[in-house]
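> Just the structure for this:
(3 chains)
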Amino acid sequence: MKHTDDFAPEDLPAIEVLPPAARFSLRARPAQAEVLGRALGLTLPGRVGERTGEAGREAMCLGPDEWVILAPEEDGAAIVQALADAYGEAPHALADISDREIRFRVSGKGTLDLMAMGCPRDVSAIAPGRGARTVFDGATVVLWRDGEEDVRLDVWRSFAPHVRDLLETGRAELAAGL
Amino acid sequence: MSRFRVTGKGRVDHHAPVRFTFDGKSFFGLRGDTLASALLANGVHLVGRSFKYHRPRGIVTAGSEEPNALVGTSRGRGRFEPNTRATLQELRSGLVAESQNRLPSLKFDVGAINDALSPLFSAGFYYKTFMWPKGFWDKVYEPVIRAAAGLGRAPETTDPDRYASRHAHTDVLVIGAGPAGIAAALAAAKAGAKVVLAEETAEIGGALLSDPEVVIDGAKAWNWIAARAADLAESGVRVMTRTTAIGYYHQNMIGLAERLTDHLDSVPENAPRERLWRIRARHVVLAQGAIEKPLVFHGNDRPGVMLAGAAQTYLHRFGVRVGDSAAVVTSHDSAWHAAFDLQDAGTGIAVIVDTRTDVREDLVAEAERRGIRLRLGHTATGTDGRLRVSALRINPLRDGSVGNGTKVFCDCVLMCGGWTPSLHLFSHTKGTLKWDAENTAFLPDRKSEAVEIAGAGRGLWGYGAALDDGAKAGALAAEALGLSAAAPTHDVRQDRPGTGTAHEELPTDHDRGHTRAFVDFQNDVTAKDIRLAVREGMRSIEHVKRYTTTGMATDQGKLSNINGLLIASNALGKEPPKVGLTTFRPPYTPTTFGTFAGYHRGAHFEVTRKTPIDSWAAENGAVWEPVGQWRRARYFPQGSEDMDDAVARECRAVREGVGLFDASTLGKIEVTGPDAAEFMNRMYTNPWTKLAPGKLRYGVLLGEDGFIRDDGVIGRISDHRFHVTTTTGGAARVLNMMEDYLQTEWPDLDVWLTSTTEQWAVAALNGPKARTVLDGLVEGLDISNEAFPMMSVADCTVAGIPARLFRLSFTGELGYEINVPARHGRALWEALMEAGKAHGITPYGTETMHVLRAEKGFIIVGQDTDGTVTPDDAGLDWAIGKAKPDFVGKRSLARPDLVAQGRRQLVGLLTQDGKVRLDEGAQIVDDPNQPTPMKMIGHVTSSYHSATLGRSIAMAVIENGRARMGETVHVPTGKGVEAAVIASAVFYDPEGGRAKL
Amino acid sequence: MLLIHCPYCDETLPESEFAYAGEAHIARPADPSATTDEEWRDYLFIRSNVKGAHYERWRHVHGCARFFNAVRDTVSDRFLTTYPAGAPRPALSDLEASE
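Okay, here's the model as predicted:
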């Protein structure tokens, strides 16, 4: 029987709240992806769940006409301007959602077990470097699988305490060792 | 050490005594015992009183199918569980157990009077006995039945334990870790499949744990198990013990309940007690084995009468003899082996009674070699003893007639009526069963899921057959996944194959109208009850089940179903398959509510959404109101104020000075793209083409049926961008509806939607002093009435925070809604409170907001509308763009019903007595003295006390209401009937000048 | 709990990511004002309620957010196929043949 004391913290997943970043919802017809990607300085991924990144900017395809763009906070204004300049050529919708979500990072041994407490889908089947919009304990989340046991979760702000509560409960459960 | 404990036998640790109590008396068992085996080791058979007749009952089985040995167990405050199966509960140090259904004590129970009165409680008694006299049901019968009903007592305090849940995904899930299950798991895993093996008990091995002399591939059973356990680990099989598969759902989703701590002496901190697993498997192997059937004869429920296989398990797995002198009564070979094993361990075998005359020669020879008295072609017709069996009455069967009875003295009776393949989970899948006359059992037939059934579950008997079948099933499962697999065969020595025959109630020389031959022990149903049900006209087995309650106890008839079926089919004169089987439903075994609830309890019961300003409200004494998933501040009481006082003060502040309201929960949707205005034209009733950027408009959204679905103020940010607001509760629904039209009806439109509800925190500043407060905080925008009039929107900076400022009013006063990025919500709020301090700024909540808007006659969708209200009904005809060719719901506004006379229209209501506040939802009539049923002409939708007007106000929908201004109607109140006058719903500032200051 | 194949994500995922959205292939009339009361009534309210293969809509609401169509056997609760919104209604004979 393992007790809490038997667990070194490195045996348990770490749960962090990530600092704010510039986040945008980008929606457009797939045919415009090339133009819009150029404006963003990256290639917009074409298939749901695929991700691309360039110079600190990241994009994930969430739906056939929807991407989430992530960038350093100071890049936000430049992104807005670049896409406004491209609007004539490639009409689209860009919405600033930097404040809509709270972002968690869960990493370390047991991360996939924690995910399995809330996600009905098989998170281990999302290859590292990919992601998905899915559901965690009733809340919609955008899940970025960065490594084998390393994920980010973007959660609507008002759902974040609920998600965090289960993550912490789950971590304590893992510490109990049963 | 009790003489019933056999030194050197069992998988218990003979050097590790474990103390526990039963009904307050202290006992010792051993580490590895179950509560049942520990009690038996102490010579205790009597463990409970039965459900209906309060008959003394003992332990019958050694597994989760146990119908009798249900006890209350506890470990401290709140940790009490009724109906724990003593046969599954592992012994732990300090376990406190109590018997159930007895008063005052197990050995002397006054409820046993029911047994003497049993003719009153025969099948269907519920429907007959309590019919008369009239009126007795409420006053006498029901209270008495309620007090007497139920088994065990319910816990009285909140369960302090934690419960967990987990999703998992695997290639192959094998359920049952007996020989077939182990072989299946290994065959699948060695083919490369990811395998989970679930086992209900504490360790793998299944029946082999009770048959240690069997030799498999040269290894004795227990050595073979140990070697396979190592194999399983090496092959990466996840073995889950103490895990019961409780439900088999669509597409190979299995629910399993894992018991984590009930066996532990002390529980690690934060450890969950149980965990619900939802495992999705690409292929399933069911290897659940078979359940031994009791024989049905008079007195077969006396403590000390148990299943022969259970006695064998207690001996080999737990090192416990269940008695000193056993009478064996059987119709199947398996009980003979149990008799031999018990004799080897020192229990005298008083007799082996077999209903068959033709029994396998080797068994008969072995019994004779052992000097055991044999009675072939005999029946059992009764037992003696009060709290424990002391004799078995047996009679010879000759040419279908029953000869004279003789008594055989004994202290336990081991019975075996054959075995029932365990197909409960298979039945959950709607897989069909086929009657197998030779086995007198239902076997799996047509499958509806990707599943194999292996071993005794499909009627195979003997370890060799089960092992080979299991391996084959595992290989089939792997092959179904495209893997290439091998199914090894096994060389088994000392195997114990067997056959048998099945009976309904055993032949007897008693009058069958008076025998007490139990079929369902847990629900106290006898063979006579089933025959009575048939005699009284029940033909379907489903009716027999409900009339007699056989199979309806928490064990779902695991022991009784086939016996009940055989008795019913005999009484009906039909073959068993023509009578059929009742339906098994999840859960397979009783499962705690905690396991189903999992993490969803207490504060985590469901999502509680909080705004960025919520923390300020919490710190300032807000009283909360749930609105959808949100919690919102309802009002902010000061000192000893009640709600009415607080709301009156908050209303006055807004009307006379300035108030501040957290409107962050409003739904917000950005509608962006070249076709944004066209899309808005099609969705909302209003015209949008000519709305200039920087302007706001109140929008009404209908369903296609013409009824109001939502409303909100919508701002045009630029030619191609609208900022739509929705009601708090409607946010997700409206976005879903918009996406639906866009994706499926108008995919040609170049416009896209994004929810920005949580991007923005929103503070609503209302009152004649609102501009004064805001002025000093705004940069980059002239907010004078001339430059920024009513229904304007602009981006600016407020208190140094980038903001989107709306000028609108839901209160009737000068008002602004300040949107800022959510992270700045609280800072904005505090800056406004600070700036407003000099002007007496007052935070207000949803209740005040409701009163203020009702004074203005503004509707709340879902309160003043109910899904049957058209814009015209609500007085919103002005919001319809009549020149537009189409919008959602437009065609319906011309439907005959919607243009008919006499529709209920939204109006104001003023009670004759201004102190009377009508009930929301109260029905309205013209003449309160008309005969019943009265004609209702409408109902009250909103009702408040208005501090501003110094009287109550109400809104209501009334037939033809707008044409009846000034007329009096009547509304029931808690105290009587109140007269009220129909009035305009705009009670305050009808010209609307105050919002335009 | 069903598994549903999303034709946009091209993945088979748990039902909890999806929301049911009513019967499929009920197109909004191009010009509602040209419909008779009876035609409009049928569009609004009349549904097939079949026992057997049912053409219906689902939305991958906790996923790609797309509405799509499916054929589900209402007796066995089994999906026969799923396909994008706007695609033609697959013939039942083809679906049964492929089973």
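
> Other residues contacting the longest strand along chain A?
With DSSP state E setting the assignment, residue counts place strand A:139-147 as the longest strand in chain A. When contacts are defined by C-beta atoms under 8 Å, 6 or more residues apart in numbering or on different chains, strand A:139-147 is touched by residues A:51, A:60, A:62, A:68, A:101, A:107, A:115, A:119, A:123, A:126-136, A:151-156, A:159, A:162-163, B:607, C:61-62. Where C-beta positions appear, they are placed from N, C-alpha and C, glycine not excepted.

> need the next SSE after that strand, C-terminal direction.
Tracing the chain past strand A:139-147, the next element assigned as helix or strand by DSSP states H and E is strand A:150-156.

> That following strand near chain B at all?
Yes: where contact is defined by C-beta under 8 Å from any C-beta of the partner chain, part of strand A:150-156 touches chain B, namely A:Trp156.

> C-terminal to that strand, which secondary structure element comes first?
Read in the C-terminal direction, the helix or strand following strand A:150-156 is helix A:160-176, with elements assigned using DSSP H and E.

> So which elements touch that next one?
Secondary structure elements in contact with helix A:160-176, counted by 3 or more C-beta pairs under 8 Å, 6 or more residues apart in numbering or on different chains; DSSP states H and E, are strand A:14-17, strand A:101-107, helix A:111-118, strand A:139-147.

> how much does the longest strand of chain A deviate in direction from strand A:101-107?
Relative orientation of strand A:139-147 versus strand A:101-107 (axes from the mean of the first three to the mean of the last three C-alpha atoms, to 10 degrees): 40 degrees.

> Report the helix or strand with the lowest average pLDDT across chain C.
Of all the helices and strands that make up chain C, helix C:92-98 has the lowest average by mean pLDDT, DSSP states H and E, namely a mean of 72.

> Quickly run through the sheet partners of the host helix or strand of B:Ile958, with directions.
B:Ile958 is located in strand B:951-959, with elements delineated by DSSP H and E. Strand B:951-959 has the following strand partners under DSSP bridges: strand B:904-911 (antiparallel), strand B:938-946 (antiparallel).

> What mean pLDDT does the first one get?
Averaging pLDDT along strand B:904-911 gives 98.

> what element comes up after it heading to the C-terminus?
The element immediately downstream of strand B:904-911 (helix or strand, assigned by DSSP H and E) is strand B:923-924.

> And the contacts of that next one?
Taking C-beta under 8 Å, 6+ apart as the criterion, the residues outside strand B:923-924 that touch it are B:909, B:936-940, B:956, B:958, B:969-972, B:980.

> Could I have the PyMOL command that selects the buried members from those residues?
One line in PyMOL is enough to select the buried members of the contacts of strand B:923-924, burial here meaning 16 or more other C-beta atoms under 10 Å in any protein chain shown:
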select buried, chain B and resi 909+937+938+939+940+956+958+969+970+971+972+980
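
> Just give me the closest of the contacts of strand B:923-924 to chain A.
B:Val940 (32.7 Å; C-beta to the nearest C-beta).

> any idea how far that closest one is from B:Phe340?
As judged by C-beta to C-beta, to the nearest Å, B:Val940 and B:Phe340 stand 82 Å apart.

> Sheet partners, orientation included, of the longest strand of chain A?
Taking DSSP bridges, the sheet neighbours of strand A:139-147 turn out to be strand A:131-136 (antiparallel), strand A:150-156 (antiparallel).

> Of all the strands paired with strand B:951-959, which one is nearest B:Arg446?
The closest of these to B:Arg446 is strand B:938-946. By C-beta to C-beta, the value is 54.4 Å.

> Tell me how confident the model is about that closest one, as a mean pLDDT.
On average, the pLDDT along strand B:938-946 is 98.

> what's the closest of the strands paired with strand A:139-147 to C:Val50?
When those are compared by C-beta to C-beta, strand A:131-136 sits nearest C:Val50, at 29.6 Å.

> in chain C, which spans are strands?
In order along the chain, chain C carries the following strands (DSSP E): C:3-6, C:11-14, C:19-23, C:53-59, C:67-73, C:78-84.

> Serialize the ones you listed to JSON lines and add fields for mean pLDDT, mean neighbour count and distance to chain B.
Formatted as JSON lines, these follow (pLDDT from 0 to 100; neighbours: other C-beta atoms under 10 Å in any protein chain shown; distance: least, C-beta to the nearest C-beta, whole Å):
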{"stretch": "strand C:3-6", "mean pLDDT": "97", "mean neighbour count": "19", "distance to chain B": "5"}
{"stretch": "strand C:11-14", "mean pLDDT": "97", "mean neighbour count": "20", "distance to chain B": "7"}
{"stretch": "strand C:19-23", "mean pLDDT": "97", "mean neighbour count": "14", "distance to chain B": "7"}
{"stretch": "strand C:53-59", "mean pLDDT": "97", "mean neighbour count": "20", "distance to chain B": "7"}
{"stretch": "strand C:67-73", "mean pLDDT": "97", "mean neighbour count": "22", "distance to chain B": "5"}
{"stretch": "strand C:78-84", "mean pLDDT": "95", "mean neighbour count": "17", "distance to chain B": "8"}
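
> so which of those strands comes closest to chain A?
Nearest of the strands of chain C to chain A, taken as C-beta to the nearest C-beta: strand C:11-14 at 4.0 Å.

> could you check whether the closest one is close to chain A?
Yes: counting by C-beta under 8 Å from any C-beta, contacts between strand C:11-14 and chain A involve C:11, C:13-14.

> beta partners for the residue nearest the centre of chain C?
For chain C, the residue whose C-alpha lies nearest the mean C-alpha position (C-alpha atoms, centre = their mean) is C:Glu56; its distance is 2.1 Å. The bridge-partner assignment for C:Glu56, based on DSSP bridges, gives C:Glu23, C:Ala70.

> List the residues that contact it.
Contacts of C:Glu56 by C-beta under 8 Å, 6+ apart are C:20-24, C:69-72.

> what about 6 Å?
C:23-24, C:70 (C-beta atoms under 6 Å, 6 or more residues apart in numbering or on different chains).

> One more: B:Ala980?
Neighbour list for B:Ala980: B:909, B:911, B:969, B:971 [criterion: C-beta under 6 Å, 6+ apart].

> Could you give the bridge partners of the first one?
Under DSSP bridges, the beta-bridge partners of B:Leu909 are B:Ala954, B:Ile982.

> So it is in contact with B:Ile953, correct?
No: with contacts defined as C-beta atoms under 6 Å, B:Leu909 does not count as touching B:Ile953, sitting 7.7 Å away.

> so what pLDDT did A:Phe7 get?
A:Phe7 is assigned a predicted lDDT (pLDDT) of 54.

> if we can go back for a sec, would you indicate which residues of the strand holding B:Ile958 are buried?
Using 16+ other C-beta under 10 Å as the test for burial, strand B:951-959 gives B:951-959.

> What lies in contact with it?
Outside strand B:951-959, the residues that reach it (C-beta under 6 Å, 6+ apart) are B:864, B:902, B:904, B:906-907, B:909, B:911, B:914, B:917-918, B:924, B:937-938, B:940-943, B:945-946, B:985, B:987.

> what about that strand, distance to the chain center?
Once both centres are worked out by C-alpha atoms, centre = their mean, to the nearest Å, strand B:951-959 turns out to sit 42 Å from its chain's centre.

> So for it, mean pLDDT?
Average pLDDT, strand B:951-959: 98.

> what about B:Thr911, how many neighbours?
Counted with other C-beta atoms under 10 Å in any protein chain shown, the neighbours of B:Thr911 add up to 20.

> Was I right to think it contacts B:Glu978?
Yes: between B:Thr911 and B:Glu978 there is a contact under C-beta under 6 Å: 5.3 Å.

> Could I get the contacting residues of B:Arg31?
With contact taken as C-beta under 6 Å, 6+ apart, B:Arg31 is in contact with B:13, B:16, B:18.

> If we use 10 Å, what do you get?
Contacts for B:Arg31 (C-beta atoms under 10 Å, 6 or more residues apart in numbering or on different chains) come out as B:12-18, B:90-93, B:265.
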